[in-house]
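Trainee: here are the coordinates; sequence isn't available:
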């Protein structure tokens, strides 16, 4: 706990100019107090917390975010930090912070402050609810922060699940830090199976990749195109950190929610031990350090056995999961403790029957072995596959710069062809615009006869130019964005041409996002060994955003876009 206290002291007045960091600092303080029980530390920082919450309240109507997360839906880091979703998420985070601070004030008998911040939370919930359709204007991040803050009612939560959380792809964030708040929200509403699936896709995917620490940014689809422990794409901040402590929130969630060991009183004076295994897990165990010593808990719903060790100074409530079956009896240390009602046993005050669990309350320190008899068969949960709406058709390695007759029958964009920053465009009638953001412009020295340079027209005739847009300099091989906005939804084929013209051993990743939702719409693709040029081909269904990320070499590059009817080109010869 000492290092946590030191970090709280160091960061108490330093938010790096990022609004949410001040609120995360408050939540960290409250976590520290809840785990350590150090009342003096909490009291010392009360004025600091009040100042932070006053500032957040003052800018509730129009928060100046600065940064909320790397995911495109949150503005892509610093690219568009004050986007609607980031602002809505910040407002919900503020409400949760007020509520948790009020609860902490209750534990130290500061009733005036408890009342003030409970009322503040209710005041701003009322402001949100004054917009009757607010739930139709939030994405996965704002919805998660709203649930964590207790904003939506039961009907609204069901709506959010159907329209926001039900898509397994939409539940995954490019930022594992932000992902933690998503799985917290799912756990809060008992969407355990879906949350565990997301954990297996995100953090499990990082482990399968070969990670021994968690990453600043990650897409599960990387694993299909990047070798184990291979170089990964840069993110909006440049090279991606592979050891990012803020991305490890899942470990806390696994202990608190899945294993279910959670302090309910400061310093673990009281604790809940209530596992949530859903239908994907049949057993779980955890050792949780506390100021009183370690708590150990293990549950196996197949063998019907649970073991719990409670150190001196701790009183527990232990919840035996029904595991979607009927519990007929429970013995504790060899003596009958439950047979549809509580049977008195040493060390336990009482028991009650809940919807999903049998609760043993007032459990005193000691070692307990529970033997559970189940009747019936558990229901199975089959995880939904990650299904992407945009189809990856393949990569063309033979056409090179002679695109005429192969690609571009509907239209094309040749980047930087008519001069640096001046592209040659012939857009299809259904495309409203093609715009680049955060790009740099280049024309390589003239090679008018080089077949790798794109031809100037569909006839593959005339002097060629080797132009490109790219994602940055050698020192910062970051990302760039290309938005392709249609006039109306329709199916079309999109081919992206990239050529490592100056032979710098480039390797790059291409993300395709839906517009306007900015949900990842296709598995991330990697282009490598493209000194002779390659086309990456997708079948799309509407407006899309391309994000091109550098992996190796100076930068990520794109020389042209080509539009055709779906199925115009296939990786399988016709």
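Mentor: Cool, the structure landed. If you're wondering where the values come from, they're calculated on a predicted model, not measured in any experiment.

Trainee: Please count neighbours and contacts with C-alpha atoms only from this point.
Mentor: OK.

Trainee: show me where the chain has helices.
Mentor: For the chain, the helices defined by DSSP state H occupy 2-11, 19-36, 39-44, 46-58, 84-107, 111-129, 140-148, 154-160, 176-188, 192-209, 222-225, 249-253.

Trainee: could these be laid out in CSV, adding mean neighbour count, mean pLDDT and distance to residue 466?
Mentor: Formatted as CSV, those follow (neighbours: other Cα atoms under 10 Å; pLDDT from 0 to 100; distance: least, Cα to Cα, whole Å):
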stretch, mean neighbour count, mean pLDDT, distance to residue 466
helix 2-11, 12, 82, 49
helix 19-36, 21, 96, 44
helix 39-44, 14, 96, 62
helix 46-58, 16, 97, 50
helix 84-107, 23, 98, 39
helix 111-129, 17, 97, 52
helix 140-148, 26, 98, 41
helix 154-160, 15, 95, 48
helix 176-188, 23, 97, 38
helix 192-209, 20, 96, 36
helix 222-225, 17, 96, 28
helix 249-253, 17, 96, 46
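
Trainee: could you dump the ones you listed to JSON lines with distance to residue 491?
Mentor: JSON lines is the format used below for the helices of the chain (distance: least, Cα to Cα, whole Å):
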{"stretch": "helix 2-11", "distance to residue 491": "50"}
{"stretch": "helix 19-36", "distance to residue 491": "40"}
{"stretch": "helix 39-44", "distance to residue 491": "57"}
{"stretch": "helix 46-58", "distance to residue 491": "44"}
{"stretch": "helix 84-107", "distance to residue 491": "28"}
{"stretch": "helix 111-129", "distance to residue 491": "37"}
{"stretch": "helix 140-148", "distance to residue 491": "26"}
{"stretch": "helix 154-160", "distance to residue 491": "28"}
{"stretch": "helix 176-188", "distance to residue 491": "31"}
{"stretch": "helix 192-209", "distance to residue 491": "29"}
{"stretch": "helix 222-225", "distance to residue 491": "26"}
{"stretch": "helix 249-253", "distance to residue 491": "38"}
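
Trainee: out of those helices, which comes closest to residue 386?
Mentor: helix 192-209 (9.2 Å; Cα to Cα).

Trainee: follow-up on the earlier one: quick one: closest of the helices of the chain to residue 370.
Mentor: Closest to residue 370 of the helices of the chain, according to Cα to Cα: helix 192-209, at 23.4 Å.

Trainee: Please name every helix or strand in contact with the closest one.
Mentor: Applying 3 or more Cα pairs under 8 Å, 6 or more residues apart in numbering; DSSP states H and E, we find helix 192-209 packed against helix 176-188, helix 222-225.

Trainee: Now with 7 Å, please.
Mentor: When contacts are defined as 3 or more Cα pairs under 7 Å, 6 or more residues apart in numbering; DSSP states H and E, helix 192-209 packs onto helix 176-188.

Trainee: Contacts for the helix it packs on, please.
Mentor: For helix 176-188, contacts defined as Cα atoms under 7 Å, 6 or more residues apart in numbering pick out 69, 141, 144-145, 147-148, 172-173, 192, 195, 216-217, 246-247, 249-250.

Trainee: how far does that helix sit from the chain's center?
Mentor: Between the centre of helix 176-188 and the centre of its chain there are 7 Å (Cα atoms, centre = their mean, to the nearest Å).

Trainee: again, but for stretch 192-207
Mentor: In terms of Cα atoms, centre = their mean, the centre of stretch 192-207 is found 11 Å from the chain centre.

Trainee: Equivalent analysis for stretch 268-280, please.
Mentor: Relative to its parent chain, stretch 268-280 has a centroid offset of 23 Å by Cα atoms, centre = their mean.
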